[in-house]
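Colleague: From the sequence below, what's the structure:
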Amino acid sequence: MSMVAKVVSVMQSVLGPMVEDFAEQRNVIQRKRKFCGQSLLQMLVFTLLKKPDATFADMAFTAAQLGVDVSAMAVEKRFTQPLVDFLRDVLSLAVQQMVAAEPVSVALLDRFTAVFIGDSSSIALPDELQGEFPGCGGTEGSCLAALKIQVRWDLKTGELPQILIEVGKASDAKSPIVQQEVAAGSLEIFDLGYFSLDRFRRLGAGQASYISRLQHGTTVLDENGQVLNLCHFLSQTVGNLVDMPVLLGVNERLPSRLIAVRVPNEVAARRRQKAREKASKHGRTPSAEYLELLVWSLFITNLSAEQLTWKEAVVLYRARWQIELLFKLWKSHNRLAHHRPGATAVEAMAVLWAKMLGALLQHWLLLTTSWPDDRRSLLNAARALRDWITPIIATLNDHDQLSRTVAQVQTHLAHAARIQSRKKNPSHFQLIRNPELLNWKA
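Modeller: Next up, the predicted model:
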């Protein structure tokens with residue numbers, strides 16, 4: 001099955017007749033005078049995908065495109081708790097769809113069966129939802145209610161094999177997203193919030209690989225089992241690079257590889273300032289040792305120097321930033337965290353679930369249209385996609401016509417999404433193609 005045919009089938013499945021069972025179970029449609037489950041779903045998802053700050057009148061206009069003649073007031077009355085439950089049911093169905101593009105051949109990525117990057121992003125919710133979604137109160141800027149979106153993303157195929165919704169106060173390190181068994185030959189890259197020597201050991205035992213930053217306070221031993229005072233050891237280092245085998249943890253003694261790269265003084269100064277500001281919010285002061293170590297970027301991996309050069313390891317870890325850009329796309333472009341001023345908690349949650357469904361639909365379409373070229377900007381592609389929402393609505397129920405529409409979108413977005421190479425500060429796709437472009441003297 002072609003990628004276009006796959007995405008069209010998934011779209012029609014998630015937005016089509018099968019959702020009527022969810023609508024009936026949740027009693028979201030009491031009388032089929034106007035809406036059915038799928039038309040109500042399509043109205044919300046497509047309106048908010050095209051215009052994230054849409055009004056009820058905008059939704060009524062989309063409903064008319066779907067053949068449903070309703071007023072803005074009638075649309076507003078649809079925002080009930082059963083609608084929230086219905087949309088969350090459909091979202092649960094949608095995140096189970098495994099949509100993956102053909103991977104672009106890039107030598108560095110081709111060494112692995114999959115390259116998983118993972119992270120979470122929090123969304124503040126109305127305070128009255130703190131019972132269902134308790135936030136992480138206690139610090140400045142915290143909120144009583146919040147949810148956390150956990151995402152695992154394969155950089156080779158663009159697939160999102162895991163999207164989990166958790167309460168805002170949930171710990172990243174204990175999230176189920178890092179408990180899943182990973183196939184042999186794959187690579188995992190998560191940030192420090194997920195740091196766990198036990199997880200690294202499990203990955204290694206399963207013939208999988210990891211690259212991570214080194215968490216401050218982790219005991220580092222040399223190959224002979226002697227504890228290293230890392231701060232003193234690095235301060236005595238001549239040059240800007242340390243690349244050596246180590247053991248991690250007093251009891252675990254996990255064999256690993258330490259890569260330490262000295263950063264410019266101005267970078268270290270910015271890091272220290274941020275560290276002081278962050279500690280101050282929690283009523284603490286960072287230790288002198290921690291501040292001194294910020295002159296180094298410290299990485300650990302179970303990949304040997306023969307398997308991966310230090311530049312390749314750093315470039316792959318930097319690729320983790322792509323998931324931050326995905327969250328930025330969803331939050332800034334799709335405006336996941338925004339709802340109408342004065343909206344009830346019920347309306348805010350319905351809008352959030354509908355926007356998340358739209359973001360998933362958008363991701364599937366971008367995999368079809370933009371992923372084949374690694375010189376891509378998903379933000380540029382998503383902006384261009386909005387112009388195609390109306391044609392998609394018009395052809396949604398006809399597989400062949402929708403396939404032709406998506407093929408047209410593919411051609412248009414391939415041009416809209418492409419970015420140019422840079423001579424200074426090479427972009428992600430340039431570094432992944434050629435890690436030697438990494439501007440870091442050692």
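Colleague: show me where the stretch 151-300 of the chain has strands.
Modeller: Counting by DSSP state E, counting those that start in this stretch, one finds strands in the stretch 151-300 of the chain at the ranges 162-167, 187-190, 209-213, 220-221, 241-248, 254-262, 296-301.
Colleague: Need the winner for burial among those strands.
Modeller: When these are scored by mean count of other CB atoms under 10 Å, the highest mean neighbour count falls to strand 187-190 (a mean of 25). Every residue, glycine included, has its C-beta placed from N, CA and C.
Colleague: Show me what that one is packed up against.
Modeller: Contacts defined by 3 or more CB pairs under 8 Å, 6 or more residues apart in numbering; DSSP states H and E place strand 187-190 against strand 115-125, strand 209-213, helix 310-318.
Colleague: Distance check, the nearest residue to residue 204 once chain neighbours are set aside against residue 212.
Modeller: Residue nearest to residue 204 in three dimensions, not counting chain neighbours: residue 302, with 5.0 Å by CB to CB, 6 or more residues apart in numbering. As defined by CB to CB, to the nearest Å, residue 302 lies at a distance of 10 Å from residue 212.
Colleague: Surely residue 126 is in contact with residue 347?
Modeller: No. Residue 126 is not in contact with residue 347 according to CB atoms under 8 Å; the separation is 9.5 Å.
Colleague: hmm, back to that, let's have the strands of the stretch 151-300 of the chain in a markdown table, adding mean pLDDT and distance to residue 376.
Modeller: Output for the strands of the stretch 151-300 of the chain, formatted as a markdown table (pLDDT from 0 to 100; distance: least, CB to CB, whole Å):
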| stretch | mean pLDDT | distance to residue 376 |
| --- | --- | --- |
| strand 162-167 | 95 | 21 |
| strand 187-190 | 96 | 19 |
| strand 209-213 | 97 | 23 |
| strand 220-221 | 96 | 39 |
| strand 241-248 | 96 | 32 |
| strand 254-262 | 96 | 28 |
| strand 296-301 | 96 | 26 |
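Colleague: I'd like those written out as JSON lines, with distance to residue 4 added.
Modeller: What follows is these, written out as JSON lines (distance: least, CB to CB, whole Å):
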{"stretch": "strand 162-167", "distance to residue 4": "23"}
{"stretch": "strand 187-190", "distance to residue 4": "29"}
{"stretch": "strand 209-213", "distance to residue 4": "33"}
{"stretch": "strand 220-221", "distance to residue 4": "50"}
{"stretch": "strand 241-248", "distance to residue 4": "45"}
{"stretch": "strand 254-262", "distance to residue 4": "42"}
{"stretch": "strand 296-301", "distance to residue 4": "38"}
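Colleague: Please enumerate the helices of the stretch 51-200 of the chain.
Modeller: 56-65, 72-76, 81-94, 107-110, 197-205 (DSSP state H, counting those that start in this stretch).
Colleague: is it possible to export those helices to TSV including mean pLDDT, mean neighbour count and distance to residue 371?
Modeller: Output for the helices of the stretch 51-200 of the chain, formatted as TSV (pLDDT from 0 to 100; neighbours: other CB atoms under 10 Å; distance: least, CB to CB, whole Å):
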stretch	mean pLDDT	mean neighbour count	distance to residue 371
helix 56-65	96	19	27
helix 72-76	95	16	35
helix 81-94	96	20	19
helix 107-110	94	15	13
helix 197-205	95	16	26
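Colleague: These: which one's closest to residue 353?
Modeller: Taking CB to CB, helix 81-94 is the member of these nearest to residue 353, at 3.8 Å.
Colleague: got the contact list for stretch 294-309?
Modeller: Here stretch 294-309 makes contact (CB atoms under 8 Å, 6 or more residues apart in numbering) with 111, 200, 203-204, 209-214, 230, 234, 243, 246, 248, 255-263, 265, 268, 271-272, 275, 313-314, 316-317, 435.
Colleague: Check stretch 261-277 too.
Modeller: 239-241, 285-286, 290-291, 294-297, 299, 310, 314, 440, 442.
Colleague: for stretch 4-24, same thing?
Modeller: 1, 28-29, 36-38, 40-42, 45, 86, 89-90, 93-94, 97, 99, 357, 361, 364-365, 367-368, 396-397, 399, 402-403, 406-407, 410.
Colleague: among these, which ones are buried?
Modeller: 28-29, 36-38, 40-42, 45, 86, 89-90, 94, 97, 99, 357, 361, 364-365, 367-368, 396, 402-403, 406, 410 (16 or more other CB atoms under 10 Å).
Colleague: which helices and strands does the lengthiest helix in the chain pack with?
Modeller: In the chain, assigned by DSSP state H, the helix with the most residues is helix 345-369. Judged by 3+ CB pairs under 8 Å, 6+ apart, helix 345-369 is in contact with helix 3-14, helix 37-50, helix 81-94, strand 115-125, helix 378-385, helix 399-416.
Colleague: What average pLDDT does it get?
Modeller: Here helix 345-369 scores 95 as its mean pLDDT.
Colleague: what angle do it and helix 399-416 make?
Modeller: Interaxial angle of helix 345-369 relative to helix 399-416 (axes from the mean of the first three to the mean of the last three CA atoms, to 10 degrees): 80 degrees.
Colleague: quick one: buried residues of helix 345-369?
Modeller: Across helix 345-369, burial judged by 16+ other CB under 10 Å covers 345-369.
Colleague: Is there a neighbour count for residue 31? I'd like the number.
Modeller: 6 (other CB atoms under 10 Å).
Colleague: quick one, what contacts it?
Modeller: Applying CB under 8 Å, 6+ apart, no residues contact residue 31.
Colleague: On the pLDDT front, check it for me.
Modeller: 70.
Colleague: List the residues that contact the nearest residue to residue 148 once chain neighbours are set aside.
Modeller: With sequence-adjacent residues excluded and distances taken as CB to CB, 6+ apart, residue 148 is closest to residue 166, at 4.5 Å. Residue 166 is in contact with 120, 147, 148, 149, 150, 175, counting by CB under 8 Å, 6+ apart.
Colleague: cool, residue 366 as well?
Modeller: Shown in contact with residue 366 (CB under 8 Å, 6+ apart): 158, 378, 381, 382, 385, 413, 417.
Colleague: Just say helix, strand or coil for residue 306.
Modeller: What DSSP: H, G, I helix; E, B strand; the rest coil gives for residue 306 is coil.
Colleague: what's the burial count for it?
Modeller: Residue 306 has 6 neighbouring residues, counting by other CB under 10 Å.
Colleague: and what of residue 196?
Modeller: Residue 196 has 16 neighbouring residues, counting by other CB under 10 Å.
Colleague: Look up phi and psi at it.
Modeller: With angles defined as degrees, to the nearest 10, residue 196 sits at phi -160, psi 120.
Colleague: number of nearby residues for the spatially closest residue to it that is not a sequence neighbour?
Modeller: With CB to CB, 6+ apart as the criterion, residue 196 has its nearest non-adjacent residue at 6.0 Å, and that residue is residue 173. Residues lying near residue 173 (other CB under 10 Å) number 13.
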